[in-house]
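1. Pasting a predicted model and its sequence here:
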Amino acid sequence: DVKVTQSSRYLVKRTGEKVFLECVQDMDHENMFWYRQDPGLGLRLIYFSYDVKMKEKGDIPEGYSVSREKKERFSLILESASTNQTSMYLCATYRGDMNTEAFFGQGTRLTVV
Amino acid sequence: GNSVTQMEGPVTLSEEAFLTINCTYTATGYPSLFWYVQYPGEGLQLLLKATKADDKGSNKGFEATYRKETTSFHLEKGSVQVSDSAVYFCALSGGSARQLTFGSGTQLTVLP
């Protein structure tokens, strides 16, 4: 069974904290993505990575950064959490071909108080 | 850039009713089109896909046809079940971008 594992299902953090969301995949896929999911807005792309140490900004990168030191792991970092970053965060991965299936983690529900 | 416009929900149906969720897209080139489903408490999973014009994707009784002339990929099912209650996302890939672009999602609730 293919697996995309996000480190936490639920997180509660305080405003101004630095927050790390981890995603690990066991499929040897090159491409990894971070999305946030908000009601009525669907999924919006934050950052993605096509290879180790490579990263590209998505549609809403402000307030976030990422790290990909190993192929299987892609981390999303909230440098200084704010209440408007309260959301569901989804990690996804797929093989090189965009016509193939993307696999998603179960999501991390982050609440910033 | 690419964009996906999806029928807004929520949609509530009785069991065995017919389902249509509309999806239209804007893209340059020749994108692939997908429907993903998110069951409560889970991540998204692929429901079906179509990679070229006039292709029909199908799975679990759901169908969608890639219509290039109307830039649409509407999801249909002839007889919904309670277990189909979920959020459905239309998405595209390729065209001018190398990542998936999603619609806003449609919440479907099926009542017994």
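-> Structure received.

2. Could you say which helix or strand holds residue B:107?
-> Assigned by DSSP states H and E, residue B:107 belongs to strand B:106-111.

3. which residues touch that strand?
-> B:6-15, B:17, B:19, B:21, B:80-89 (C-beta atoms under 8 Å, 6 or more residues apart in numbering or on different chains). (Glycine included, C-beta is placed from N, CA and C.)

4. Paired strands for it, with orientation please.
-> Here strand B:106-111 is paired, per DSSP bridges, with strand B:11-14 (parallel), strand B:86-94 (antiparallel).

5. Count the residues that sit near residue B:107.
-> For residue B:107, the tally of surrounding residues (other C-beta atoms under 10 Å in any protein chain shown) stands at 15.

6. Report pLDDT for residue 17.
-> Let's take chain A. The score at residue A:17 is 97. That number is its pLDDT.

7. wrong one, I was asking about chain B
-> For residue B:17, the model assigns a pLDDT of 97.

8. Just list the residues touching it, thanks.
-> Taking C-beta under 8 Å, 6+ apart, we find residue B:17 in contact with B:79, B:80, B:110.

9. do residue B:89 as well
-> By C-beta under 8 Å, 6+ apart, the contact list for residue B:89 reads A:42, A:43, B:6, B:35, B:36, B:37, B:38, B:44, B:102, B:103, B:105, B:106.

10. Just the mean pLDDT for the strand or helix carrying residue B:37, thanks.
-> Following DSSP H and E, one finds residue B:37 within strand B:32-38. Average pLDDT, strand B:32-38: 95.

11. between that strand and strand B:86-94, what angle do the directions make?
-> Put simply, strand B:32-38 runs at 160 degrees to strand B:86-94, going by axes from the mean of the first three to the mean of the last three C-alpha atoms, to 10 degrees.

12. for strand B:32-38, packing partners?
-> For strand B:32-38, the packing partners by 3 or more C-beta pairs under 8 Å, 6 or more residues apart in numbering or on different chains; DSSP states H and E come out as strand B:23-26, strand B:44-50, strand B:62-65, strand B:86-94.

13. Need the winner for burial among the ones you listed.
-> Of all those, strand B:86-94 carries the top mean neighbour count, a mean of 24, counting by mean count of other C-beta atoms under 10 Å in any protein chain shown.
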